[in-house]
Every structure is written in C-alpha cells, then in structure tokens.
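In: sequence below, structure please.
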Amino acid sequence: MRVCSTPGCPTVYPRHEGSRCATHRAQADRARGTATQRGYNSRGHQAFRTAVIQRDPICVVCHLNPSTVADHHPRSRRELTDLALNPNNPEYGRGLCHDCHSRETAANQPGGWHQG
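Out: Below you'll find the model as predicted:
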C-alpha cells in the first residue's frame with residue numbers, strides 16, 4: 001500500500017496502481033485531454049510520428065533503446081499551435097523510447113507527477 005503523491009492527499013491505495021490515487025489520476029487525465037483533443041489522431045500527426053522515428057531511430061535521451069514515440073520538443077503540441085506553428089513539422093519533434101517519454105511527460109506535462 002502507498003499514500004497518494006499529490007500534496008495534501010492522505011488516500012492510501014494499492015502500490016501497483018501508480019503514484020496517485022484514483023481521484024488524482026482522473027484529474028491528471030482530464031487535464032491532459034483526450035488524444036483527439038491533443039491532435040494525435042490526425043493524418044498530419046501520423047506523418048509527424050513516422051518522420052521523427054525514421055530520423056531518430058534510437059531514443060535521443062537514453063541513446064540505448066529504439067524510438068517508439070515521437071515527442072514534441074522543446075515546445076508541446078499545444079504551445080506550437082498557440083504560436084501558430086505547425087505541430088506536425090518533424091523539426092519540432094524528437095524520437096524517444098517509451099520509458100524516457102513516460103519520464104518526460106510525468107515531469108513536464110499538465111497533470112504530470114511533478115505538477116502539484
């Protein structure tokens with residue numbers, strides 16, 4: 001068993017469920033939005049993903065594992081859109097392995113582990 005990692009939350013839950021209780025996991029998921037809301041179900045995004053992974057076949061963070069995720073970097077997809085930049089331009093992406101992408105998302109995205 002573990003205590004929720006959200007500051008001030010005393011909820012105790014099974015360790016295998018992650019670092020937050022069910023309530024705070026749901027809040028984090030809502031803050032991120034659906035894949036469609038984030039623009040990840042479009043043809044443009046599929047082309048972005050293909051181009052980034054072909055350019056970066058090995059994870060650019062750990063340099064050990066194959067890239068399986070096209071991560072928007074250094075700006076998020078939302079930031080690129082807000083700046084009227086094309087978020088599907090591979091110039092704004094990098095190839096990451098699943099584990100590195102999970103760590104980066106947890107640290108930097110809304111609702112991520114380090115986002116109080």
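
In: so what's Arg94 up against?
Out: Going by CB atoms under 8 Å, 6 or more residues apart in numbering, Arg94 touches 52, 56, 60, 70-71, 73. Heads up, the C-betas are built off the backbone N, CA and C, glycines and all.

In: quick one: which of these is most hemmed in?
Out: Ala70 (27 neighbours; other CB atoms under 10 Å).

In: which strand residues bridge that residue?
Out: Taking DSSP bridges as the rule, Ala70 bridges to Gly95.

In: using PDB, write out every CA atom in the one helix or strand Arg30 maps to.
Out: Secondary structure assignment for Arg30, by DSSP states H and E: helix 22-32. Listed next in PDB are the C-alpha coordinates belonging to helix 22-32 (Å, rounded to 0.1, in the frame of the first residue of the first chain):
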ATOM      1  CA  ALA A  22      -7.800   7.100  -8.500                       C
ATOM      2  CA  THR A  23      -9.200  10.600  -7.900                       C
ATOM      3  CA  HIS A  24      -6.000  12.400  -8.700                       C
ATOM      4  CA  ARG A  25      -5.200  10.100 -11.700                       C
ATOM      5  CA  ALA A  26      -8.600  11.000 -13.100                       C
ATOM      6  CA  GLN A  27      -7.900  14.700 -12.600                       C
ATOM      7  CA  ALA A  28      -4.500  14.400 -14.300                       C
ATOM      8  CA  ASP A  29      -6.100  12.600 -17.300                       C
ATOM      9  CA  ARG A  30      -8.700  15.300 -17.700                       C
ATOM     10  CA  ALA A  31      -6.000  18.000 -17.600                       C
ATOM     11  CA  ARG A  32      -4.100  16.300 -20.400                       C
END
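
In: much appreciated, bye for now.
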